[in-house]
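>>> Show me how the following folds:
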Amino acid sequence: MSLTLALFQPDIPQNAGTMLRACACLGVSAAIIEPSGFPTTDKHFRRAGMDYLDHVEIRRHASWSAFEEWRRSSGRRLALLTTTGGVVYTEFAFQPGDVLMVGRESAGAPAEVHAAADARLVIPVRPGLRSLNVAVAAAMAMGEALRQIGSPQEVSS
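Numbering: from 1, shown residues only. Okay, the predicted model is just below:
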């Protein structure tokens, strides 16, 4: 069971494309939780130059409740990246099958998502600054998770 990156109601297509490309390159599956702020069909991603789409497994969920039903039935933990997290992402013990979730770029994740999360992770930033770009934060956390649990593919030097 591989790591999954879940995008909660993404609203900036360029960030979603960047995260899906990172998933393809790192061997991480993706989940998109609707509604999104833009069309998330394969056709629209391809039009935006998302030629990496063939290399990433994407599950689309019509709603938060549909996603939660899938996650719980498959026995996966939910680790939410949030600026209000209580655990530094490098101190969390990732496991195969974990779902790493990022919230909306414009609003983060709502209270019901925070309440459902098994862990709320934070990437510390300098005082006075709000947060990293969501795609950068996702890449950092995926890198740490894969470092801990092992990458699904060997990288030759």
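
>>> rest of the way, CA atoms for contacts and neighbours
Fine.

>>> Go through the protein and flag its longest helix.
helix 134-149 (DSSP state H).

>>> Need the contact partners of it.
Residues outside helix 134-149 that contact it (C-alpha atoms under 8 Å, 6 or more residues apart in numbering) are 3, 5, 15-16, 18-19, 22, 81, 89-90, 93-96, 100, 102-103, 105, 123.

>>> cool, stretch 4-11 as well?
16, 23, 28-38, 64, 97-106, 109, 138, 142.

>>> dump the residue contacts of residue 117.
Residue 117 touches 77-80, counting by C-alpha under 8 Å, 6+ apart.

>>> how much space between it and residue 7?
As defined by C-alpha to C-alpha, to the nearest Å, residue 117 lies at a distance of 14 Å from residue 7.

>>> What segments of the protein are strands?
Assigned by DSSP state E, the chain shows strands spanning 4-8, 29-33, 58-61, 78-81, 87-88, 99-102, 119-122.

>>> Columns distance to residue 146, mean pLDDT and mean neighbour count on top of those, output as a markdown table?
Output for those, formatted as a markdown table (distance: least, C-alpha to C-alpha, whole Å; pLDDT from 0 to 100; neighbours: other C-alpha atoms under 10 Å):
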| stretch | distance to residue 146 | mean pLDDT | mean neighbour count |
| --- | --- | --- | --- |
| strand 4-8 | 11 | 98 | 26 |
| strand 29-33 | 12 | 96 | 22 |
| strand 58-61 | 18 | 94 | 18 |
| strand 78-81 | 14 | 98 | 25 |
| strand 87-88 | 16 | 98 | 14 |
| strand 99-102 | 11 | 98 | 24 |
| strand 119-122 | 16 | 98 | 22 |
